[in-house]
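Undergrad: got a predicted model here, sequence first, then my questions.
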Amino acid sequence: MAKIPSQNELDAATKVIALSHQFAADIIGLPVVTPLLTWQTESSRSDAKQIAYEISSLDDQGKITASKVVESSDSIEIKADGHISGPRERRELRVRIATQYGWTEHSPTVVFETGLGSGTEFVGESIGDNSLHSDPVPILRKTFVTSKTVKKARLYSTSEGLHSIYINAMPVTDEFFTPGWTAFDNRLTYHTYDVTSLIQEGKNCIGAALGDGWTRGKFGFTNIYDNYGTKIHLLAQLEISYTDGSKEVVATDKSWKISTAELRFADIYDGCTIDQNHGQPGWQSAEFDDAHWSQVTVHSLDKKRIHERTSTRVLKVAEFPSRIIDSKNRTLLDFGQNISGWVRLTVDGKKGDEITVRHAEILEPGPNLHTAALRTAKATDRYILASDGRHVLEPRFTFHGFQYAEVTGNAQFISAIGVAVSSANQRIGHFSSSDARLNRLHENVVWSIADNMVSVPTDCPQRDERLGWTGDAQVISFTSNTLYKLDSFWRSWLTDLWLDQEKFGEVGAVVPDILSRQPNVVNDWIITNRAGWADAATIVPIASYESYGSLESLRQQLPSIRKYIQSLSDHRKGEKFLPEEFQFGDWCDPDAPGDQPWLSKVKPQFVANAFFANSAQLAADIEKLVGETSYQTKFQELANTLKRDIWAQFGREAKETTAGCSMVLEFGIVPESERANVAKILSEMVIKDEGKITTGFLGTPLILHALSKNGHFKAAYTMLMRRKVRSWLYQVDNKATTIWERWDAIREDGSIHRGEMSMAEEDKPDDGSESPSMISFNHYAYGAVIDWVYRNVAGIAPNMSAPGYRQITFAPRPAEGFTYASASINTPLGLAAISWKLLGDQSLAADIVVPFGATATIDFPVSGSSHLKLNGLGILNGHQLTHGKYVVTLTEPTIIPFTAAI
Ligand code: BGC
């Protein structure tokens, strides 16, 4: 490495343009841990290289602490040692780097502010009332007086149930569903807000409203009630520092007052009821007279369960105007996009008018809302007006999955906006091509991910489910990390995966694992440690590692991964294989009986063992990166033995199905000598079926990779671009705006799939109502195809051997009919992009952007007579690039021929 320049040598041509830490940039109150910094640099010098860095920080007093200069070319997850030492510290961290030309200026700063350090630092009591689920929502308040000048004020808050909190009638945050859903038995998170500007001299008021959220009421598979308790309550603490050096704490305790107001009911599935006639205008303000309010009830809360939040916030991510479809006796609205969120409605009405808003993802003939898919979720918001005139109405503590809404009631409809919320609020990946349908498919995946990441990664946002199904999560993890910055979101969820795994012994089918908390609800049906679901324990960490390059996320999961592999191993009870038993299998295989989606063509025992082998391999890989050699050797031997035995026992049957072939190819189960043959069999099956999809949740994300990595691009494109039923584009042709749960959710004759599910006699509803159905228009699982689209259609991919896009592969594989494709990803190191087009002479020209600190490999579709050039000079495939902007041209590129069934 070059010599580190002296401090007064300046490299003005190089700039550190962005700096982040391991948590979402817009949260404070972080755990007391060493910040891990990642920065992005730009340089107009093509040969500049980082050779050293220096991290420094400013504290509240403007005091600067600088770490010593470290010789390193790395800029991902760099430990900022010595800057954070305890709770309630705020540091503005910054970095500057040295290239061989000198030092850069300091980067923009990133704030790292620690929280209380421990839940036991909450000095107050958790307060609420004795209300039940169906009762009006409690509101709480407390006034206090300040006579001094405020220097700094922080509010720390958490709750059983949800809370929204105000100081002097101003909301302290623009986020929703605080404190979110975590593995509540062991981890309830608190949030920290900078409320300095909200405190006023004189009388002040803290007000809060509580909602049931995920804690109590109806929530979960088969409608479990009161999952985590029957009471909701608030624990909060306002800490004020004055300019004279004194401090004051206002904490929740018996002196707070409680009442109810216009929010008469609020439930995540069912919606909310707001009756303005019960309103108590001004209740969040200091001047409000609360003499008629009641004493609060103190509830017990184990403060050791309370930890800092670490995930992203649930924020409003978009607003959609509505189009009126019908206005006879009602207003039927189309928001143009299936979203998670609610309707902000404006009406002109009279006192006493009742307005009802119902929601649905699609319409049935009529047109009417199709609400059958919601199962028991009522998804209905009701409002009763208390005055004449214009009203803007919005629900609280609930969200709906919908594209359509129906407004009924006497008030006159004025306008409606669809408000979309999500934890996936930082978009990083963009794609576009000459195929409008493929672009829409991409957009549908963008939305399915946003809609299904509301605090936890869910299966679907509309029906009475919305659970953190681990299978769905692992399937979408790679794609989700390409489209959004979700490193802290996944890390937080994986923390919960481990906590619940530790508690219940096995990895849940859902995380947070409310199903294991109430084993009877599924009639002792054991669904923990199930293949393809519990494997989220190994797959989600590795997916994060590939995109963000974080070793810390892997390290954090080691105990979980070890326990998972061990428990599967033990479950074999001395036999070679995991036994034959219930598995979700290649869930929703379109050839399985529609009402028994677990009866996939690939047999459960094969799927179980194939995923076991894959997880053992990933575990060995992860041990190699961050673990111990003894584990690595043990897991590698296990993986090798399993792969060999699986091939011997199940190899023949694996070759009979597309999912089977995909699994043995992608999991490295097929011996090298037979790889080409199995890939050929797979390709022939796909071509024979004209690309018709024959795989379910587990096979679909693998199949295009299994084909293309073995040279069968024609089959891969035949499947990707198919438009007849059982294809991604069939959904697009049928006006989908998100990804469906079943390939034929809308059948060819236009009818809506009823999604009936078979049920054991004893599980059938007693009231003679229909057996539950399973049909959603917003399941992200099949959207996993977008990972393939970035890597192959546009041709941009991270590389597991140098993760976090330290090494990027540009490998476009244009197919017939495409005239251009482009993709860009805001990687940890900065923007990486490719944009290729076919020119008039059928040669290919691509603009490529490689971020500072990354290396890129050129792998273009050369044919026998091609000339490949970089900025006009001849190169060969395999050419390595460092940061900069390039033009790559290729004459006579290989264009993949395929025929799409239309
Ligand atoms: C969910 C799926 C989930 C499955 C597993 C369904 O009800 O919506 O996405 O993975 O159950 O059984």
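TA: Now that the structure is in, tell me what you want to look at. Every value quoted in this text rests on a predicted model; they were computed, and no experiment measured them.
Undergrad: the residue in the stretch 301-450 of the chain that the ligand sits nearest to: what's it in contact with?
TA: The nearest approach of the stretch 301-450 of the chain to the ligand comes at Arg375, 9.8 Å away (C-beta to the nearest ligand atom). (Each C-beta comes from the backbone N, C-alpha and C, glycine too.) Contact analysis of Arg375 by C-beta atoms under 8 Å, 6 or more residues apart in numbering lists 463-465, 772-773.
Undergrad: looking at these, state which has the most neighbours.
TA: Arg463 (26 neighbours; other C-beta atoms under 10 Å).
Undergrad: what are the phi and psi values for it?
TA: With angles defined as degrees, to the nearest 10, Arg463 sits at phi -90, psi -170.
Undergrad: got it, and Ala715?
TA: Dihedral angles for Ala715 - degrees, to the nearest 10 - are phi -60, psi -40.
Undergrad: neighbours of the residue of the stretch 501-650 of the chain found nearest the ligand, just the number please.
TA: Residue nearest to the ligand within the stretch 501-650 of the chain: Phe584 (5.1 Å; C-beta to the nearest ligand atom). The number of residues packed near Phe584 is 22, by other C-beta under 10 Å.
Undergrad: so it sits in a helix?
TA: No - according to DSSP: H, G, I helix; E, B strand; the rest coil, Phe584 belongs to no helix; its state is coil.
Undergrad: which of the three states applies to the residue of the stretch 201-350 of the chain found nearest the ligand?
TA: Scanning the stretch 201-350 of the chain for the residue nearest the ligand gives Phe221, at 6.8 Å (criterion: C-beta to the nearest ligand atom). Judged by three-state DSSP, the three-state class of Phe221 is coil.
Undergrad: ok, now Arg562?
TA: Classified using three-state DSSP, Arg562 is helix.
Undergrad: which pLDDT value goes with it?
TA: pLDDT, Arg562: 98.
Undergrad: please state the backbone phi and psi of the closest residue to it other than its chain neighbours?
TA: Distances taken as C-beta to C-beta, 6 or more residues apart in numbering place Tyr631 nearest to Arg562, at 6.5 Å, with adjacent residues excluded. Main-chain torsions, Tyr631, degrees, to the nearest 10: phi -70, psi -40.
Undergrad: can you check the one 4 residues further on too?
TA: Geometry field for Phe635 lists phi and psi as phi -70, psi -40, criterion degrees, to the nearest 10.
Undergrad: surely it meets Lys624?
TA: No - at 9.2 Å, Phe635 does not count as touching Lys624 under the criterion of C-beta atoms under 8 Å.
Undergrad: so the two - more neighbours on which side?
TA: The neighbour count for Phe635 versus Lys624, taken as other C-beta under 10 Å, is higher for Phe635 (26 against 15).
Undergrad: for the nearest residue to the more buried one once chain neighbours are set aside, helix, strand, or coil?
TA: Distances taken as C-beta to C-beta, 6+ apart put Ala620 closest to Phe635, at 3.8 Å, once the chain neighbours are dropped. Following three-state DSSP, the label given to Ala620 is helix.
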